[in-house]
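# Here's my sequence, what's the structure:
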Amino acid sequence: MNLSGKRVAVLLEQQYQEMEVWYPVYRLKEAGAEVVLVAPEVGKTYPSKLGYPAISDVAAKDVRAGDIAGILIPGGFCPDYIRRSEAMLKLVRDADAMKKPLAAICHGPWVLCSTTALRGRKATSFSAIKDDVVNAGATWVDAEVVIDGHIITSRMPADLPAFTLAFIHALAHGAS
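Have a look, this model is predicted:
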């Protein structure tokens with residue numbers, strides 16, 4: 001699938017899960033997408049759970065949902081930090097309102113729990129946050145990837161191939 005001309009945001013914060021950022025980033029780039037690492041601050045280095053550095057391309061306050069094709073939210077502990085940034089949450093809320101593909105893996109759905117994006121939907125996540133996903137209004141499903149409208153969720157790094165392919169498909173065929 002060709003994603004040329006599509007700008008995709010990958011949210012970033014400290015303690016991100018390495019594979020859940022870099023595997024999708026490279027697959028999206030292979031498909032032709034322009035990938036931007038969006039964080040609370042531009043040009044800041046955010047270490048992964050294992051200390052692998054990622055430097056943000058743009059601050060969330062400077063990104064408009066209308067200028068991106070979709071958002072990927074990785075897991076690790078970074079979703080807990082992402083939820084503390086109103087600019088990051090506003091970007092997710094605005095993208096949700098525009099029905100942009102929102103893909104969240106592992107603990108990533110925590111960010112969606114801080115919005116209304118999961119209300120009335122089916123979703124999955126790492127099992128430890130199942131209660132949070134349910135309390136946010138979703139029906140939790142234990143599956144490799146769950147697609148409900150523009151919301152795409154997965155459980156863990158082992159699900160990355162199916163998760164990333166579903167996100168790429170949504171970007172190629174969904175709203176942008």
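# the helices in this protein, which residues?
In the chain, the segments counted as helices under DSSP state H are 18-30, 78-82, 86-97, 109-113, 130-135, 160-173.
# Just say which of these is most tucked in.
helix 109-113 (a mean of 27; mean count of other C-beta atoms under 10 Å). Any C-beta I mention is one placed from the backbone N, CA and C, and that applies to glycine too.
# how about the helices of the chain in a markdown table, adding mean pLDDT and distance to residue 63?
Listed next are the helices of the chain as a markdown table, based on pLDDT from 0 to 100; distance: least, C-beta to C-beta, whole Å:
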| stretch | mean pLDDT | distance to residue 63 |
| --- | --- | --- |
| helix 18-30 | 98 | 16 |
| helix 78-82 | 98 | 13 |
| helix 86-97 | 98 | 6 |
| helix 109-113 | 98 | 15 |
| helix 130-135 | 98 | 25 |
| helix 160-173 | 97 | 16 |
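# Pipe those helices into JSON lines and attach distance to residue 141 per row.
Conversion of those to JSON lines gives the following (distance: least, C-beta to C-beta, whole Å):
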{"stretch": "helix 18-30", "distance to residue 141": "19"}
{"stretch": "helix 78-82", "distance to residue 141": "19"}
{"stretch": "helix 86-97", "distance to residue 141": "19"}
{"stretch": "helix 109-113", "distance to residue 141": "12"}
{"stretch": "helix 130-135", "distance to residue 141": "10"}
{"stretch": "helix 160-173", "distance to residue 141": "14"}
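# wait, which of these is closest to residue 46?
Nearest to residue 46 among these is helix 78-82; the distance by C-beta to C-beta comes to 7.6 Å.
# chain center to the closest one: distance?
Using C-alpha atoms, centre = their mean, to the nearest Å, the mean C-alpha position of helix 78-82 is found 11 Å from that of the whole chain.
# Name the surrounding residues that touch that helix.
The contact list for helix 78-82 (C-beta atoms under 8 Å, 6 or more residues apart in numbering) reads 11-17, 46, 73, 88-89, 104, 107-111.
# again, only this time at 7 Å
11, 12, 13, 14, 15, 16, 73, 88, 107, 108, 110, 111 (C-beta atoms under 7 Å, 6 or more residues apart in numbering).
# Residue 31 reaches residue 168, doesn't it?
Yes - using C-beta atoms under 7 Å, residue 31 is in contact with residue 168, at 5.4 Å.
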